[in-house]
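Trainee: structure for the following, please:
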Amino acid sequence: MSIPIEQIAEAALALPSDARALLADRLVESLDPLTDQDVRGAWAAESLRRLDEIRSGKIKAIPAEEVFSRIRSILK
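Mentor: Numbers count the residues shown, from 1 in each chain. Now for the predicted structure:
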């Protein structure tokens with residue numbers, strides 16, 4: 001016997017937020033698990049894209065200390 005998706009959604013939305021987060025995480029993981037190789041490949045491509053943007057002048061790198069300083073001032 002199959003439970004209609006709407007009933008599952010209603011039951012899931014009635015859960016406490018921490019349980020919903022855990023359920024959401026498990027559902028996402030079940031879709032198409034990535035391998036370490038997939039993750040490394042995705043990060044390599046992202047790194048090259050960012051490097052190209054910096055070299056072309058499309059974006060400007062911000063020193064880490066400046067970023068952390070901005071974050072600290074926002075969190076005060």
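Trainee: mind giving me the packing neighbours of the helix or strand bottoming out on mean pLDDT in the chain?
Mentor: Across the helices and strands of the chain, mean pLDDT, DSSP states H and E gives its lowest value to helix 17-31, namely a mean of 93. Contacts defined by 3 or more C-beta pairs under 8 Å, 6 or more residues apart in numbering; DSSP states H and E place helix 17-31 against helix 5-13. C-beta coordinates here come from the backbone N, C-alpha and C atoms, glycine included.
Trainee: packing partners for the helix it packs on?
Mentor: Counting by 3+ C-beta pairs under 8 Å, 6+ apart, helix 5-13 packs on helix 17-31.
Trainee: touching the following helix or strand past the helix it packs on from outside, list them.
Mentor: Counting by DSSP states H and E, the next helix or strand C-terminal to helix 17-31 is helix 36-56. Identification of contacts with helix 36-56 by C-beta atoms under 8 Å, 6 or more residues apart in numbering yields L34, I59, K60, A61.
Trainee: which residues are contacting stretch 9-22?
Mentor: Here stretch 9-22 has contacts from L23, using C-beta under 8 Å, 6+ apart.
Trainee: span of that stretch from start to end?
Mentor: 14 Å (C-alpha to C-alpha, to the nearest Å).
Trainee: for that stretch, the distance to its chain's centre please.
Mentor: The chain centre lies 20 Å from the centre of stretch 9-22; the measure is C-alpha atoms, centre = their mean, to the nearest Å.
Trainee: that one: which residues count as buried?
Mentor: By neighbour count with 16 or more other C-beta atoms under 10 Å, stretch 9-22 contains no buried residues.
Trainee: coming back round to it: can you list the contacts of helix 36-56 in JSON lines and add secondary structure, neighbour count and pLDDT?
Mentor: Formatted as JSON lines, these follow (DSSP: H, G, I helix; E, B strand; the rest coil; neighbours: other C-beta atoms under 10 Å; pLDDT from 0 to 100):
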{"residue": "L34", "secondary structure": "coil", "neighbour count": "12", "pLDDT": "79"}
{"residue": "I59", "secondary structure": "coil", "neighbour count": "11", "pLDDT": "95"}
{"residue": "K60", "secondary structure": "coil", "neighbour count": "7", "pLDDT": "93"}
{"residue": "A61", "secondary structure": "coil", "neighbour count": "9", "pLDDT": "94"}
